[in-house]
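Student: My questions concern the predicted model and sequence given below.
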Amino acid sequence: MTIRNFLLVALIVPALTIAQDDVPLEEHIIGVWRMDLRTLESPGVMYYQESGTVSIIEQMPDGTFRVMSRVTTRAVAESADLMIRPGCIGKKECVYDEATEGVGVLMDDRIYIDWLDDDGWIDDLLTIDGNVMTGDDGNGPIRLVKEPSE
């Protein structure tokens, strides 16, 4: 790297960091956050959450956030009698999608998401660190990375 390129990088990187820091967290969290692959285990069945997103749609007038989530799961059972989900009964492997809507509340560098109208979803408390959110949703660790804005 030449000294000129080094100086250019030395000037640009802090400017990008400052620009990100200038965006209020309330604005920064709005967007699509993609979930890393995760594996969940229950007796006789492995669940691979292969694709998932948490979309923070907008901030409401009361300060809460409208949130939507979608997850695609591939379940693999040791035997066909272990699948109890409708559409998967009698199968050893099944792929299904789930989606729900929730309300998010920002608390310092964390967001609490109350998933509405779905008893199968456990509320989330996620810590925000730049473009990454992490936490444990009651099923296991979860990590989400914010997709770049278009």
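Tutor: Cool, got the structure. Numbering: from 1, shown residues only.

Student: strands paired with the helix or strand encompassing Ile142, and their directions?
Tutor: For Ile142, the host element (DSSP states H and E) is strand 141-146. Sheet pairing of strand 141-146 (DSSP bridges) gives strand 31-35 (antiparallel), strand 132-136 (antiparallel).

Student: Looking at the ones you listed, which is nearest to Lys91?
Tutor: In terms of CB to CB, the element of the strands paired with strand 141-146 nearest to Lys91 is strand 31-35, at 24.1 Å. (Glycine included, C-beta is placed from N, CA and C.)

Student: Extract the CA atoms of the strand holding Ile142 and return them as CSV.
Tutor: Provided in CSV are the C-alpha atoms of strand 141-146 (Å, rounded to 0.1, in the frame of the first residue of the first chain):
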residue,chain,number,x,y,z
PRO,A,141,-28.6,-18.1,20.6
ILE,A,142,-29.6,-15.9,17.7
ARG,A,143,-27.5,-13.5,15.6
LEU,A,144,-28.9,-11.1,13.0
VAL,A,145,-26.9,-8.9,10.5
LYS,A,146,-28.4,-5.8,9.0
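
Student: Quick check: mean pLDDT of that strand?
Tutor: Mean pLDDT, computed over strand 141-146, is 96.

Student: same thing with stretch 35-53?
Tutor: Rounded mean pLDDT across stretch 35-53 is 94.

Student: which outside residues touch it?
Tutor: Stretch 35-53 is touched from outside by 32-34, 54, 69-79, 82-83, 139-145, with contacts defined as CB atoms under 8 Å, 6 or more residues apart in numbering.

Student: ends of that stretch, how far apart?
Tutor: 6 Å (CA to CA, to the nearest Å).

Student: again, but for stretch 25-34
Tutor: So stretch 25-34: terminal residues 18 Å apart, CA to CA.

Student: got the buried residues for it?
Tutor: Applying a neighbour-count criterion of 16 or more other CB atoms under 10 Å, one finds 28-33 buried in stretch 25-34.
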